[in-house]
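> sequence first, then the predicted structure:
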Amino acid sequence: MYRLSERDWQAYTEKYKDRARMLISCPDRPGIVSAVSHFLFQQGANIVQSDQYTTDPESGRFFMRIEFDLTNLQERCEVIKAAFTPIAESFDMDFSLVQASRRKKVAIFVSKEDHCLLELLWRWKSGELYADISVVISNHPDMQETVESFGIPYHCIPVTKENKPQAEEEQIAAAAGADLIVLARYMQILSPRFLEDYAMRIINIHHSFLPAFVGAKPYEQAYRRGVKLIGATAHYVTEELDAGPIIEQDVQRVSHQEDVDMLKQLGRQVERTVLARAVRWHLEDRVLVYGNKTIVFP
């Protein structure tokens, strides 16, 4: 697979150095789009993409993702935020403004299965995932040689019932500064302390079509039930196991002919693509969380 060089990364960064993304969530009412568009026009911005969604035009919540180009964005970004704050307050908005050229820092957690990890590394290597994968952390040594061949640091931190608090402190230190943590088939439950530091910034791939077959051995559960579809779910991690906001799902049709091993093989193909999509959408600021749901803009 083609490897994106540092020169290519720099070219991408230069191309989008004046591109920004604004994410907005607020109670729905007339005039929101007009106010935002007029503000950006006054700043000299050129809107290149705009997506909106409302849960109910009468009394719901309004969501917006808008991309725009603005000359000298890096120097003006904080000024733009400050200037927009009075408008945000008038509409009771939650908003964020991010530079598209900034590569988010990603830490990946993995146990022994490599298919989801490899999918992310391949897509990152080819430039499909615009990010800095700063570290891969595992409770097993199995993936070390593979990960280090990509030039990425690998931290093996064994986890047992007895050492889990200490191990998590080591993991948190190893992942320090990460904008996103991806659980690429990491088979340990994270503590509330860990989740608090990374609220809605940890993505997990669950090897079943949630909310069906939660917990352990979902393919065995699915086989016993005689399902005709298997699937995978990428979701944000919360304290309630496998119940966080869902980002992406997909399915694969099966029949009575597939045994448990075949279901697992087919399932791995779904898992790797579902997780990669969810990670890419998060990196591109396409996901807004609303309660225990997500708004995912295309």
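Perfect, thanks for sending it.
> now do the helices in the stretch 1-150 of the chain.
Secondary structure of the stretch 1-150 of the chain, counting by DSSP state H, counting those that start in this stretch: helices at 6-15, 32-43, 73-90, 115-125, 144-148.
> average pLDDT across the last one?
To tie it back to what came earlier, the one meant is helix 144-148. Within the predicted structure, the mean pLDDT of helix 144-148 is 96.
> just list what it packs against, helices and strands only.
Taking 3 or more Cβ pairs under 8 Å, 6 or more residues apart in numbering; DSSP states H and E as contact, the helices and strands that helix 144-148 lies on are helix 115-125, strand 154-156. C-beta coordinates here come from the backbone N, C-alpha and C atoms, glycine included.
> what count of nearby residues applies to residue 253?
9 (other Cβ atoms under 10 Å).
> if you could redo that for residue 194, that was the one I meant.
17.
> please name the nearest non-neighbouring residue to it.
In space, not counting the residues next to it along the chain, residue 194 is nearest to residue 168; the distance is 5.4 Å by Cβ to Cβ, 6 or more residues apart in numbering.
> helix or strand right after the helix or strand encompassing that neighbour?
Counting by DSSP states H and E, the element that carries residue 168 is helix 164-174. Under the assignment DSSP H and E, the closest C-terminal helix or strand after helix 164-174 is strand 180-183.
> pull the residues that contact that next one.
Residues external to strand 180-183 that are found in contact with it (Cβ atoms under 8 Å, 6 or more residues apart in numbering): 104-109, 120, 131, 175, 198, 201-205, 237, 275, 279, 282-283.
> one more pass at 7 Å, please.
Contacts of strand 180-183 with the rest of the structure, by Cβ atoms under 7 Å, 6 or more residues apart in numbering, involve 104, 106-109, 120, 175, 198, 201-205, 237, 279, 282.
> ok, back up a step: turn the helices and strands packed on helix 144-148 into CSV, including mean pLDDT and distance to residue 68.
As requested, the helices and strands packed on helix 144-148 are arranged in CSV below (pLDDT from 0 to 100; distance: least, Cβ to Cβ, whole Å):
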stretch, mean pLDDT, distance to residue 68
helix 115-125, 96, 27
strand 154-156, 97, 39
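> deepest-packed of the ones you listed, please.
Mean neighbours per residue, mean count of other Cβ atoms under 10 Å, is largest over those for helix 115-125, with a mean of 20.
> same for that one, what does it pack against?
strand 104-110, helix 260-283 (3 or more Cβ pairs under 7 Å, 6 or more residues apart in numbering; DSSP states H and E).
> state the mean pLDDT of the helix holding residue 168.
Confidence over helix 164-174, taken as the mean pLDDT, stands at 94.
> just stretch 241-255 next, same as before
90.
> so residue 46 makes contact with residue 68?
Yes - counting by Cβ atoms under 7 Å, residue 68 is a contact partner of residue 46 at 6.0 Å.
> neighbour count for these two, which is higher?
Neighbour count, other Cβ under 10 Å: between residue 46 and residue 68, residue 68 has more, with 25 against 13.
> follow-up on the earlier one: comparing the helices and strands packed on helix 115-125, which comes out most buried?
Mean neighbour counts were taken over those using mean count of other Cβ under 10 Å, and the top value, a mean of 23, falls to strand 104-110.
> for that strand, the distance to its chain's centre please.
With Cα atoms, centre = their mean, to the nearest Å as the basis, strand 104-110 stands 10 Å off its chain's centre.
> joint contacts of residue 46 and residue 68?
Common neighbours of residue 46 and residue 68, using Cβ under 7 Å, 6+ apart, do not exist here.
> element containing residue 238?
For residue 238, there is no host helix or strand (DSSP H and E).
> contacting residues around the residue nearest to it when sequence neighbours are not counted?
Distances taken as Cβ to Cβ, 6+ apart put residue 244 closest to residue 238, at 4.0 Å, once the chain neighbours are dropped. If you count contacts by Cβ under 7 Å, 6+ apart, residue 244 has them with 235-238.
> which one of those sits closest to residue 57?
Distance ranking of the contacts of residue 244 against residue 57, using Cβ to Cβ, places residue 236 first at 27.2 Å.
> that closest one: neighbour count?
The local packing count at residue 236 equals 22, with neighbours defined by other Cβ under 10 Å.
> any idea how far the residue nearest to it when sequence neighbours are not counted is from residue 51?
In space, not counting the residues next to it along the chain, residue 236 is nearest to residue 244; the distance is 4.2 Å by Cβ to Cβ, 6+ apart. Remark: distance between residue 244 and residue 51 (Cβ to Cβ, to the nearest Å) = 23 Å.
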